[in-house]
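> When you get a sec, could you give me coordinates for this:
(2 chains)
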Amino acid sequence: MVKAVPLWLKITTLVFIGLIVVLMLAPLVVVVGTSFSANQFISFPPKGFSLEWYQKVLSSDAYLGSAGLSIAIALMVTLSSVIIGGAAAIAIHRRQLPKSELLGALFLSPLILPTIIYAIGLLMFWSATFGRVSFVTLWIGHTAITLPYVVRTTLAVLTESDPFIEEAARTMGAGRLQRLFFVVLPQCRPGLAAGAFFAFNISFDEAVLSLFLRTPDLTTLPVQIYGQLEFSPDPSVAAVSTIMIALTVLLILVIDRVLGIGKFASA
Amino acid sequence: MKTDRAENALLVSPGLLLLALAFFLPIARMLALSVMAEEGGFTLAHFAQFVSEPYYLGVLWRTIRLSFIITVISALIGFPLAYIMARSGRRARLWLIIVILLPLMTSVVIRTFGWMVIFERGGIVSSTLYDLGLVKRNFTLMRTETAIVIGMVQVLLPFMTLSILGVITRIDQRLEEAARTMGCSFLQSFRHVVLPLSMPGIAAGSLLAFTLSASSFVTPSLLGGPRLQVLAASIYSSVTQTLDWHFAAAQAVILFLGIALTLIPYFRLTGGRHG
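Numbering: from 1, shown residues only, chains lettered A, B, ... in the order given. Okay, here's the model as predicted:
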């Protein structure tokens, strides 16, 4: 057995971890704390306790409107991304198409290209071809940037699955659609689920693409918050942000239930 | 077999169509716009404008310099953090993953907002430093490069740590034990066994952090303000404020070329795989 780690190193490690926790969580803690402030101005530590900013958010048409838009887009994007990306991953995995390696790389390219470059391209292309940007523009744009995540998670699950089950189903006379729906899709399910969570989360939090494509009646929640931050925010911004953080925590809990957070360690 | 191929082609075609029409076509459009004169026709005037104005060269230099500093700091923190995560118990690792994952899954806009509250005049940082007698009364970290660096390290640390963690968990722990039994101190085995074997993860994480940092604009523009513009923020103001789309496209191409140059070694390193 080897010698234990020296004591000074253990202490350094604990201090280091403490600093990491502060660095990572401080901005979130501050936002949550500020949202309960009784003060008119944003300040941390908060002065007093009140829920008035939540009340203000829940009675604000601007916030409710952009929240509705964000949720609608995130849901549509999740649906389209999972269907399109899942189908593509199944086809790529079978490796029967020519250049399936290249296909795989092609589907991951939105992950590599910085979103800002894509955002400016999409804005210019859409304006020149169709005119005003709309809900559909944002939907398509978010689908393109979330697609790689679904393809990747589904491919990861498929490479670990048993290819002979589909072969067995074929031998036993299952048709094309039967094999797809009763064998391949159930095999993909954990990958599709993980991809769906990523797609929803990324679309819901996405700010860059949404900022470039913003119009007065196409303002998602992150864009709404960004706009407030550019001017003089009051604690109602903190209240909205806290609601979004709560939603993220909820999403992580669901992911943990469905897939197990531990998977991220090996991902 | 022939119909199998048709089935696969059918499955992959919606995705290919989406990528071609809604991803590659827009990028081609942007590339075209960057070398097009206002009245049509080919020109390199937009690039010449960028290169000839000291202001934009300053923006480019700030972008490169800050991205470099941010990447180095993220690597210096991310490597020990990934090692600690890899070698700690199940429960501790789970908590550390949550500490990294929760901010990663929260919108960058919200996290930047948190830093704004922390850094502003009269916020925690300035009042603490004032109480210690280190700074003047109306000191603020807002609109400084330090603020940008801190905010961006918080954004990029998860990417860096997860990149390195993936590599460290694959290192055979017996190598470390062998080094220790042969008389290495902990730090020696760390330096001569763990560090060299983690290099692919550190390199991949650093390139990822550098490209993300060079192209980010929400955090730098909110924490740095309009006077400390980075390239991505300059693109955004060309699109939304001066409405000069050709020049915006040219700046985006410059950013794209810079990132492509950085990514070539990345693909060499991973051999085209995505690690």
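> what's the neighbour count on B:Tyr130?
B:Tyr130: 15 surrounding residues under other C-beta atoms under 10 Å in any protein chain shown. (Each C-beta comes from the backbone N, C-alpha and C, glycine too.)
> who's in contact with the nearest residue to B:Gln49 once chain neighbours are set aside?
Using C-beta to C-beta, 6 or more residues apart in numbering or on different chains and skipping the chain neighbours, the partner closest in space to B:Gln49 is B:Phe247 (6.4 Å). Neighbour list for B:Phe247: B:46, B:49-50, B:238 [criterion: C-beta atoms under 8 Å, 6 or more residues apart in numbering or on different chains].
> Could you do A:Ile261 as well?
Going by C-beta under 8 Å, 6+ apart, A:Ile261 touches A:252, A:255, B:94, B:97-98, B:101.
> where does the residue in chain B that chain A sits nearest to land on pLDDT?
Closest to chain A within chain B is B:Gly114: 2.5 Å, counting by C-beta to the nearest C-beta. If you check B:Gly114, the pLDDT there is 96.
> surely it meets A:Ala26?
Yes: B:Gly114 is within contact range of A:Ala26, at 6.7 Å (criterion: C-beta atoms under 8 Å).
> neighbour count winner among those two?
Legend: neighbour count by other C-beta under 10 Å for B:Gly114 and A:Ala26, higher for B:Gly114 (27 against 20).
> The more buried one: what's its closest spatial neighbour, skipping adjacent residues?
Nearest non-adjacent residue to B:Gly114, counting by C-beta to C-beta, 6+ apart: A:Pro27, 2.5 Å away.
> May I have the phi/psi pair for that neighbour?
Dihedral pair for A:Pro27: phi -60, psi -40, per degrees, to the nearest 10.
> same thing with A:Glu52?
A:Glu52 adopts backbone torsions of phi -60, psi -30, taken as degrees, to the nearest 10.
> Repeat that for A:Thr153.
When read as degrees, to the nearest 10, the backbone of A:Thr153 gives phi -70, psi -40.
> what's near enough to touch it?
Going by C-beta under 8 Å, 6+ apart, A:Thr153 touches A:191-192, A:194-195, A:198.
> again with B:Leu25
For B:Leu25, the contacting residues are A:Phe125, by C-beta under 8 Å, 6+ apart.
> pLDDT weak spots in the stretch 151-267 of chain A?
For the stretch 151-267 of chain A, the stretches with pLDDT under 70 are A:262-267.
> coming back round to it: distance between the helix or strand hosting the residue nearest to B:Gln49 and the chain's centre?
Using DSSP states H and E, B:Phe247 sits within helix B:245-270. Centroid separation between helix B:245-270 and its chain, computed with C-alpha atoms, centre = their mean, to the nearest Å, is 13 Å.
> in that helix, what counts as buried?
For helix B:245-270, the neighbour count (16 or more other C-beta atoms under 10 Å in any protein chain shown) marks B:245-256, B:258-259, B:262-263, B:266 as buried.
> Please go through the chain and pick out the longest helix.
Let's take chain A. Secondary structure assigned by DSSP state H gives helix A:61-94 as the longest helix of chain A.
> wrong one, chain B
Counting residues, the longest helix found in chain B (DSSP H) is helix B:54-87.
> Quick check: buried residues in that helix?
B:56, B:59-60, B:62-64, B:66-67, B:69-71, B:73-75, B:77-87.
> JSON lines for the contacts of B:Phe247, including pLDDT?
Formatted as JSON lines, the contacts of B:Phe247 follow (pLDDT from 0 to 100):
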{"residue": "B:His46", "pLDDT": "93"}
{"residue": "B:Gln49", "pLDDT": "93"}
{"residue": "B:Phe50", "pLDDT": "95"}
{"residue": "B:Ser238", "pLDDT": "93"}
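> that older thread, show me what secondary structure element comes after the longest helix of chain A.
Next along from helix A:61-94, by DSSP H and E: helix A:100-112.
> Could you check that following helix against chain B for contacts?
Yes: counting by C-beta under 8 Å from any C-beta of the partner chain, contacts between helix A:100-112 and chain B involve A:101, A:103, A:105-112.
> who in the stretch 151-275 of chain B is up against chain A?
B:153-154, B:157, B:162, B:165-166, B:169, B:177, B:180-181, B:186, B:211-212, B:214-218, B:222, B:232, B:235-236, B:239-240, B:245, B:248-249, B:252, B:255-256, B:259, B:263, B:272, B:274.
> So which of those residues are in helices?
Mapping those onto helices (DSSP H) picks out B:153-154, B:157, B:162, B:165-166, B:177, B:180-181, B:186, B:211-212, B:214-215, B:218, B:222, B:232, B:235-236, B:239-240, B:245, B:248-249, B:252, B:255-256, B:259, B:263.
> Any of those residues buried? List them.
For those, buried by 16+ other C-beta under 10 Å: B:153-154, B:157, B:162, B:165-166, B:180, B:186, B:211-212, B:214-215, B:218, B:222, B:232, B:235-236, B:239, B:245, B:248-249, B:252, B:255-256, B:259, B:263.
> any idea how far B:Leu11 lies from A:Ser80?
15 Å (C-beta to C-beta, to the nearest Å).
> Could you give me the buried positions within stretch A:63-83?
Buried residues in stretch A:63-83, counting neighbours by 16+ other C-beta under 10 Å, are found at A:63, A:66-67, A:69-71, A:73-74, A:76-78, A:80-82.
> Most neighbours among the contacts of A:Thr153, which one?
Highest neighbour count within the contacts of A:Thr153: A:Gly195, with 29 neighbours (other C-beta under 10 Å).
> Surely it and A:Val150 touch.
Yes: using C-beta under 8 Å, A:Gly195 is in contact with A:Val150, at 3.3 Å.
> who touches both of those two?
A:81-82, A:85-86.
> which secondary structure element contains residue 26?
Since you didn't name a chain, this refers to chain A. Following DSSP H and E, one finds A:Ala26 within helix A:7-35.
> other chain: chain B
According to DSSP H and E, B:Pro26 maps onto helix B:25-34.
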